[in-house]
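Novice: model the following, please.
(chains A and B)
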Amino acid sequence: MPILDSPAKLEKFREEILSHRKQEKPCVTICSGTGCRALASEEVARTLVAEIEKNGLKDKVDIRRTGCHGFCEKGPIMVILPEDICYLQVKPEDIPEIVGTTLKEKKIIDRLLFKDAAGKSIVHESDIPFYKNQSRTVFGNNRFIDSKNIDDYIALGGYSALSKALSQMKPEEILDEIKKSNIRGRGGAGFPAGLKWETARNAPGTTKYVIVNADEGDPGAYKDRSLLEGNPHGVLEGLIIGAYVIGAHEGYVYVRQEYPLAIENLGIALEQAREYSLLGKNILGSGFDFDVSIQQGAGAFVSGESSALMTAIEGRVGEPRPKYIRTAVSGIREKPSNLNNVETWANIPFILNKGADWFTGIGTKGSKGTKIFSLVGKVNNTGLVEVPMGTTLRHIIFDVGGGIPGGKKFKAVQTGGPSGGVIPEKLLDMPVDYDEMTRAGSMMGSGGMIVMDETTCMVDIARYYLKFLSEESCGKCVPCREGIYQMLKILNRICGGKGKEGDIELLEEISGVVQEFSLCALGQTAPNPVLSSIRYFRDEYEVHIKEKRCPAGVCKSLISYYIDPEKCQACMICARSCPVQAITGEKNMVHVIDQEKCTKCGTCIEVCPQRFSAVTKLSGEKVPAPVHQKIKVRK
Amino acid sequence: MSKVTLTINDKKVQAEEGTTLLEAARSAGIEIPTLCYHEKLTPQGSCRLCTVEISRGQQPSRLVTSCIYLVEEGLVVQTETERVIKGRKMILQLLWARAPGSQVIRDYAVKYGVDREKFEVSSNFCILCGLCVRYCAEVKKKNAIGFVGRGSDRQVMFYPEIAAQECPQCGECWKICPTGVLPSNYAITRVPHFNWPVNPFFPQYDGK
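Specialist: This next block holds a predicted model:
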């Protein structure tokens, strides 16, 4: 175990690692992020290890379980280096063929390759449109690194930024570089990180803290999780540099308990960094002391708010407090505490290595660098996407994301989680940055992007988010606790077919006060899902209220399922599948749904054979009276 | 401690550095409504009723809670602007819907001309101001009463294991509860064989 007590020793150690790693030696990488693990990538990896031993290739092939590759839709992902052959949706039973054909005979297995829209096979990972249309920087190393092995990170130049910072730069020089880069917080609000660091650095006191906010709680977002799981040292390196600038000797990573793999990998990373003298006393022989502890959160959404997170670290209930005095001045135990998001910290080593000018060369006027998004929902390529700030939504959803599945029409994209809003089709060419998103009535948030197609009801979506927020509000301040509760009641009423004239205006009125009078950002942004959906889809609200109709056919109280007597072929499939026996029918007789019994689960429409398509969803119209007649047999 | 001069509702007010806007205003005879404020307790800014509008020079005005925001030299404070009143009315309407039986809310509702029909009312009594919780924790240092639940499910509850030991000799929180319903909450928690103090609001709950 090397003790890296000087920058020179780090460089020497890096050369040593590289000299042992031959470029031409094949290395099979298997994505071991949460997504691929859920698709049994560990079984694939174990089968591969056994198969390679069986074939006597143990010393000729390296196997590496890496961090998340991002193309979660197609996991488990396997990439064979140095040729960069990418196999998708690999199953354990594919392994003998992969070893026999690709590793031994150097031949490619076509059926495991990515197929583009024209059906053409793509061999290299980097040529797949999902990856080709991205600019992977912060997230780029994930796919080369075994998250549990610090040597992999060091081999790729890891900790060189820290070494540079500690040996060649004064804290104020680093601070200037970070300020010049104009990096804004990746957690949502977009506060300039350099300014925050400066406030914490200049704040009086000798005990200061730095904190990684890994309490990512937005539905659908998982980029912080994948960064921490896949490349924990990248985050750690940024954190140590920040601590050096601010003058902190203690750091926390606040990570939710629901991220067990992130906690495990981070714990291993901390141990390894300590062993190598990259953490603890006298880091890299510089005289600077710093250590980090992991604080597990119990999954309260509000604990992602900085002041609530800090009260939680103190061991109290995670509730926010008014921040007239910034947490950078008075945070944990009233000491200056600098908190940044996982992704913000992970950007720092890149800025120091490549320079602020490189960083400001990427992005838009007000938002620099790249941004990672969790692209989910009704989109072909679900996964994690890193693009330069200012990339259009259209590029992200259609070029990277591959568009909408099933030939459906794009309707809206929800960004920024419960604090954000929906963005409609007419704004698809909007460049994505902090300011444009806010202008559109949404926000950057923690990078969640939930794509919605024409079968999504916007009132129902607003209701979903308000339900989430009413459960996740801490309940401390009145506007947030009671305002969201009343708004949810109104939305329930509208979706339940009991909407009243004036409900939209009332929602807007409450929203205005909740935004202005709430204590913390959770409440201040809570009305966004409602206001943005009213702004762009007001007609949908009106149709729900006035015509008692749900155009997307989602709101259960406003829809009915009906079997068309002209089309029904009396096959009995729907009658047998109905979980509440609401369908009556017999051979040769048209089936009928008992509307009183029907729970509107939609099973009948799903099971009705496509060639009949006899079940339809009605909304806003009366269900025709049931008929007792013989079917009209189709030719 | 040096003094600072600020303007509250067009009136020049002098206040000690480190005092809050609320204290400065009240000492100058300017009333600001509050529900969760108590002079013996750390302000927490949760009822938001004491929100005022502040401005300085050319900067756009903003809303702050006067129970926490500290006085600053040259600050211009308005306690009853249209923006402030609009918010206060809504807050009172929301609290009315939660606890229509609470006298303090009734009084404020009348004062601010609140439309009581706006929301469907529920049958709660507690307004969740948290005075009792903080009084027990900060002044008595007993933590016999606390919040449980989150969001709209939040409620105040006596913790029986502590309450059974501490509350019979004390009962001080009842006197600061602005709704007067805390004793009935307590009655639900009570353990029969303990000797309970006389309830100042509902003497029939004296435990005998």
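Novice: chain A versus the spatially most central residue of chain B, what's the distance?
Specialist: Central residue of chain B (Cα atoms, centre = their mean): B:C36, 1.6 Å from the mean position. For B:C36, the distance to chain A equals 9 Å [Cβ to the nearest Cβ, to the nearest Å]. Where you see a C-beta, it was placed from the backbone N, CA and C, and this is true even at glycine.
Novice: near chain B, which residues of the stretch 201-350 of chain A?
Specialist: Listed as neighbours of chain B in the stretch 201-350 of chain A under the rule Cβ under 8 Å from any Cβ of the partner chain: A:A300, A:V302, A:V317, A:R321, A:P322, A:Y324.
Novice: mind checking which of those residues are buried?
Specialist: Neighbour-count burial (16 or more other Cβ atoms under 10 Å in any protein chain shown) applied to these gives A:A300, A:V302, A:V317, A:R321, A:P322.
Novice: of the residues you listed, just say which sits nearest to B:A97.
Specialist: Nearest to B:A97, judged by Cβ to Cβ, of those is A:V302 at 22.7 Å.
Novice: quick one: secondary structure of the closest residue to the closest one other than its chain neighbours?
Specialist: Nearest residue to A:V302, sequence neighbours excluded (Cβ to Cβ, 6 or more residues apart in numbering or on different chains): A:C474, at 4.6 Å. Here A:C474 is recorded as coil under DSSP: H, G, I helix; E, B strand; the rest coil.
Novice: am I right that A:C474 is in contact with A:P320?
Specialist: Yes - contact criterion Cβ atoms under 8 Å: A:C474 and A:P320 qualify, at 7.0 Å.
Novice: still on that earlier bit, just name the closest of the buried ones among the residues of the stretch 201-350 of chain A next to chain B to A:I351, please.
Specialist: Closest to A:I351, out of all of these and judged by Cβ to Cβ, is A:V302, at 30.5 Å.
Novice: could you report the pLDDT at the residue nearest to the centre of chain B?
Specialist: Reported pLDDT at B:C36 in the predicted model: 95.
Novice: chain B contacts on chain A?
Specialist: Where proximity means Cβ under 8 Å from any Cβ, the interface of chain A facing chain B comprises A:300, A:302, A:317, A:321-322, A:324, A:469-479, A:481-486, A:489, A:506, A:509-510, A:512-513, A:516-519.
Novice: out of these, which end up buried?
Specialist: Neighbour counting by 16+ other Cβ under 10 Å classes A:300, A:302, A:317, A:321-322, A:469-470, A:472-479, A:481-486, A:489, A:510, A:512-513, A:516-519 among the residues of chain A next to chain B as buried.
Novice: what does the helix of greatest length in chain B contact?
Specialist: If you go by DSSP state H, chain B has its longest helix at helix B:82-98. By Cβ atoms under 8 Å, 6 or more residues apart in numbering or on different chains, the residues outside helix B:82-98 that reach it are A:478-479, A:482-483, A:486, A:509-510, A:512-513, A:516-517, B:33, B:35, B:47-49, B:51-53, B:63, B:78, B:102, B:105, B:108-109, B:112-116, B:118-122, B:124, B:127-128.
Novice: thinking again about what came up before, in strands, which of the residues of chain A next to chain B appear?
Specialist: Among the residues of chain A next to chain B, no member falls in strands (DSSP state E).
Novice: how much space between the closest residue to A:K196 other than its chain neighbours and B:K86?
Specialist: Excluding its sequence neighbours, the residue lying closest to A:K196 (Cβ to Cβ, 6+ apart) is A:A328, at 5.3 Å. Going from A:A328 to B:K86 by Cβ to Cβ, to the nearest Å gives 32 Å.
Novice: of these two, which one has the most company?
Specialist: It is A:A328, of A:A328 and B:K86, that has more neighbours when counted by other Cβ atoms under 10 Å in any protein chain shown, with 24 against 15.
Novice: surely the more buried one meets A:A200?
Specialist: Yes - between A:A328 and A:A200 a contact is recorded at 4.1 Å, counting by Cβ under 8 Å.
Novice: might you report the residue contacts of A:G242?
Specialist: Residues near A:G242 by Cβ under 8 Å, 6+ apart: A:W197, A:V210, A:A248, A:N338, A:N340, A:W345, A:I348.
Novice: meant to ask about B:S2
Specialist: So B:S2 contacts B:E16, B:E17 (Cβ under 8 Å, 6+ apart).
Novice: next, the contact list for A:A440, please.
Specialist: A:G421, A:I423, A:L427, A:M430, A:S532.
Novice: so which of the residues you listed is the most crowded?
Specialist: When neighbours are taken as other Cβ under 10 Å, the top entry among those is A:G421 (30 neighbours).
Novice: and that residue, how far from chain B?
Specialist: 21 Å.
Novice: what do A:C474 and A:P320 both touch?
Specialist: With contacts defined as Cβ under 8 Å, 6+ apart, the residues adjacent to both A:C474 and A:P320 are A:V302, A:A308, A:L522.
Novice: kindly state the pLDDT recorded for the last one?
Specialist: This points to A:L522. Looking at A:L522, its pLDDT is 93.
Novice: same check, this time on the first one
Specialist: Reading off the confidence values, A:V302 has pLDDT 91.
Novice: outline the domain layout of chain B.
Specialist: Domains of chain B are assigned by automatic domain parsing as B:3-78, B:81-127, B:131-205.
Novice: so where do the helices sit in chain B?
Specialist: B:21-27, B:82-98, B:103-111, B:131-134, B:160-166, B:172-176, B:182-189.
Novice: also the stretch 301-450 of chain A?
Specialist: With DSSP state H, counting those that start in this stretch as the criterion, the stretch 301-450 of chain A has helices at A:306-313, A:342-354, A:356-360, A:393-394, A:434-439.
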